[in-house]
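> return atomic coordinates for the entry below.
(one chain, ligands or ions: 1)
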Amino acid sequence: MMKPIALITGASGLIGGYLIRSAPRWAPRWEVRGLTRAEADLTDGSHVQALWGQWHPSLVIHCAALSRTSVCERDPAQARRVNVDATKRLADLAHDIPFVFLSSDQVFDGLKGNYLEADEIHPLNVYGRTKAEAEQVVRQNPAHSVIRVALTAGTSPTHDRSFVEDMLRTVAQGTRLTLFTDEFRCPIPAGALVRALWEFVDCKQPGLYHLGGRERLSRWEIGTLLAGLYPDLLPSIQSGSVADFYGPPRSPDLSMCSDKIQALLSFRLPGLRQWLASKPRIGDDPWDDLRVDRQ
Ligand SMILES: NC(=O)c1ccc[n+]([C@@H]2O[C@H](COP(=O)([O-])OP(=O)(O)OC[C@H]3O[C@@H](n4cnc5c(N)ncnc54)[C@H](OP(=O)(O)O)[C@@H]3O)[C@@H](O)[C@H]2O)c1
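Down below sits the predicted model:
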């Protein structure tokens, strides 16, 4: 029998890559097809439409985005084309199938922390504003879902996408990293994130959800935990306060409560500390899902 097709956009990105690699384990009932920008630029409406007609997907997990805040600030028009317009086009094409849109904790301003799905949003940057706008578009269809994803730790196909890879690259270039003790996130390992996404799809409970790690950690705590795994980081990180930072506005506390999605899952969402406590085997990707079952 033919399997239904699950279309994953942003297949060459961090989360899209993990979704595809993890599918044989967590989503065997789907024929998973990843779409990269090289295969179809999602801002090209006629190309997308033609591809849709060929593939007839039964599910879309929409990971493609202009996801770097600095790139979005530099080119807000392109950020809107990719993050809002392309999302609307896909959500419209997917009007009669489940459509899962990955949004971000950056729709919040970070003044409150421990955000619930019912909390008011107030993005501080172009990236967050485009995500907030796309959320509205997607949520017009009650069968569609918006998942606000937290800071995700992982190894991307191009080795230059995750915040972990950014940190490693920065220190490899000889730059010291100041990590704030008063800026908080709920980082989640990519392996656990994609397992949760695949399980979520099977639950058939569309809506708005937060998906992050269960531990609220400061940037400094995150850095010191990572230094246990990547010793090269240790001599190059120092603690600091966001109060001493001069630059564009930052969100002090983007921690989110993920209890709503947790109630649908068969496993406990891990925190970063707990994840790293079970040491990966040498050669393994430390961020994949090999160790989730043991928690
Ligand atoms: N990673 C995180 O920490 C995090 C946190 C919160 C929310 N999110 C959200 O989760 C989703 C996935 O994130 P990610 O970390 O996997 O992002 P990513 O690594 O930056 O990947 C984004 C993907 O989108 C593709 N893309 C960009 N413009 C495109 C276009 N015009 N047409 C087609 N594809 C295009 C990119 O293709 P190229 O490789 O060719 O550029 C890339 O494959 C995004 O919506 C992001 O905003 C991520």
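
> the closest residue to the ligand within the stretch 1-150 of the chain: neighbour count?
Using C-beta to the nearest ligand atom, the single residue of the stretch 1-150 of the chain nearest to the ligand is residue 13, 2.0 Å away. C-beta coordinates here come from the backbone N, C-alpha and C atoms, glycine included. Here the neighbour count serves as a burial measure; for residue 13 (other C-beta atoms under 10 Å) it reads 24.

> what residues are up against it?
Listed by C-beta atoms under 8 Å, 6 or more residues apart in numbering, the contact partners of residue 13 are 63, 64, 65, 67, 156, 157, 161.

> can you rerun that using 10 Å?
In this structure, residue 13 makes contact with 19, 34, 36-37, 63-65, 67, 102, 156-158, 161-162, judged by C-beta atoms under 10 Å, 6 or more residues apart in numbering.

> drop anything exposed from those residues.
Buried residues within those, counting neighbours by 16 or more other C-beta atoms under 10 Å: 19, 34, 36, 63, 64, 65, 67, 102, 156, 157, 161, 162.

> near the ligand, from the residues you listed?
Intersecting the buried ones among the contacts of residue 13 with the surroundings of the ligand, defined as C-beta under 6 Å from any ligand atom, gives 36, 63, 64, 65, 67, 102, 156, 161.

> rewinding a little: from the buried ones among the contacts of residue 13, which is closest to residue 57?
Within the buried ones among the contacts of residue 13, proximity to residue 57 (C-beta to C-beta) peaks at residue 34, which comes in at 11.7 Å.

> isn't there a strand covering residue 60?
Yes. With DSSP: H, G, I helix; E, B strand; the rest coil as the criterion, residue 60 is located in a strand.

> please report how far it lies from residue 98.
In this view, residue 60 and residue 98 are 7 Å apart by C-beta to C-beta, to the nearest Å.

> give me the common contacts of these two.
Taking C-beta under 10 Å, 6+ apart as the criterion, residue 60 and residue 98 both touch 6, 144.

> those two: which is more packed in?
Summary of the neighbour comparison: residue 60 and residue 98, criterion other C-beta under 10 Å, with residue 60 having more neighbours (23 against 19).
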